[in-house]
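what follows is a predicted protein model with its sequence.
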Amino acid sequence: MPNSKYIQIESKNAILELLKEGRTFENIFVVQSAFKDEKSQEIYKIANSRHIPIIKISRRAMMRKLRSSTAESIVGNMYSDNNWKLTELLDTIYKEGKQPFLLILDNVKYTQNIAAIMRTAFAVGVNGIIVNPQKKSLVTDETIRISMGAAERVPLVEMKLFEAIKILHDNDIRTYAVTMDGSTYFEQDLTGPVALVLGAEDVGISSGILDKVDGKISIPMREGIGSLNVSASAAILVYEKLRQEVSKSSD
């Protein structure tokens with residue numbers, strides 16, 4: 001997994017979740033006068049047990065360090081290496097005895113949406129997100145903060161989507177595009193190895209990708225509503241897959 005780097009995380013919740021998962025932090029900065037609430041105490045405890053330096057600074061120094069508009073009192077510098085090859089990821093998924101459950105984002109643009117999708121994906125058990133090659137990494141302090149750490153916890157693959165879909169088909173992983181003219185999502189069997197394709201907020205999924213997928217699914221809308229926000233669509237569909245899997249296992 002190349003392109004490793006340090007990312008400044010400006011979210012107490014994200015820092016705590018990532019520490020619990022065993023992620024490597026270079027150091028953690030803390031405002032000297034910060035109120036030592038329960039989460040802060042837990043961060044201190046885990047960091048000390050793993051010999052992660054805790055550096056106390058003034059509120060003024062912290063404000064100069066912060067890149068977002070929040071007035072956070074704890075900031076961590078974390079080592080990030082969330083950059084997978086698809087074949088490597090699939091090998092890992094199979095080795096762990098899991099079935100592939102992937103999301104493909106076809107040029108979804110807005111950070112808020114990408115981070116929301118990452119958070120939902122992690123919550124439901126999606127084990128990979130595939131995107132086109134990016135000029136800048138999608139794993140940033142902003143996506144980590146908004147996704148509450150999930151941007152670093154869901155494996156991320158950057159590659160040409162046509163190549164990705166071919167590899168998925170070679171591994172018997174069905175691909176479904178979420179589009180207006182598809183079959184109703186709850187009538188489609190989503191159990192088993194599946195990848196769901198979600199399109200850009202403004203233009204949807206490209207026609208070339210639509211020609212390559214195994215099927216198309218849609219979310220019913222009341223008259224007068226064209227579509228949902230892409231992160232809302234993602235949440236509905238990944239939880240529908242989870243519902244179908246649970247229902248199937250209980251039969």
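Cool, the structure landed.

endpoints of stretch 219-233, how far apart?
8 Å (C-alpha to C-alpha, to the nearest Å).

any residues touching the helix ranked longest in the chain, and which ones?
Ranked by number of residues, the top helix in the chain under DSSP state H is helix 230-250. If you take C-beta atoms under 8 Å, 6 or more residues apart in numbering as the criterion, helix 230-250 is touched by 101, 103, 108, 112-113, 116-117, 120-121, 124-126, 178, 185-186, 189-191, 194, 196, 198-201, 217, 219, 227-228. The way it works is simple: take the backbone N, C-alpha and C, and place the C-beta from them, glycine included.

and that helix, which residues are buried?
Counting neighbours by 16 or more other C-beta atoms under 10 Å, one finds that the buried residues in helix 230-250 are 230-231, 233-235, 237-238, 240-242, 244-245.

columns distance to residue 11 and pLDDT on top of the residues you listed, output as CSV?
Below are the buried residues of helix 230-250 laid out as CSV (distance: C-beta to C-beta, whole Å; pLDDT from 0 to 100):
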residue, distance to residue 11, pLDDT
230, 23, 93
231, 18, 94
233, 25, 94
234, 21, 96
235, 21, 97
237, 27, 97
238, 23, 97
240, 29, 97
241, 28, 97
242, 26, 96
244, 33, 96
245, 31, 94
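
list the buried residues of the worst-scoring helix or strand of the chain on mean pLDDT.
Least confident element among the helices and strands of the chain, by mean pLDDT, DSSP states H and E: strand 5-9 (a mean of 84). Buried positions in strand 5-9, judged by neighbour count with 16+ other C-beta under 10 Å: 7-9.

which one is residue 28 nearest to, not counting chain neighbours?
residue 76 (4.5 Å; C-beta to C-beta, 6 or more residues apart in numbering).

so that neighbour, which of the three states?
Per DSSP: H, G, I helix; E, B strand; the rest coil, the local secondary structure of residue 76 is strand.
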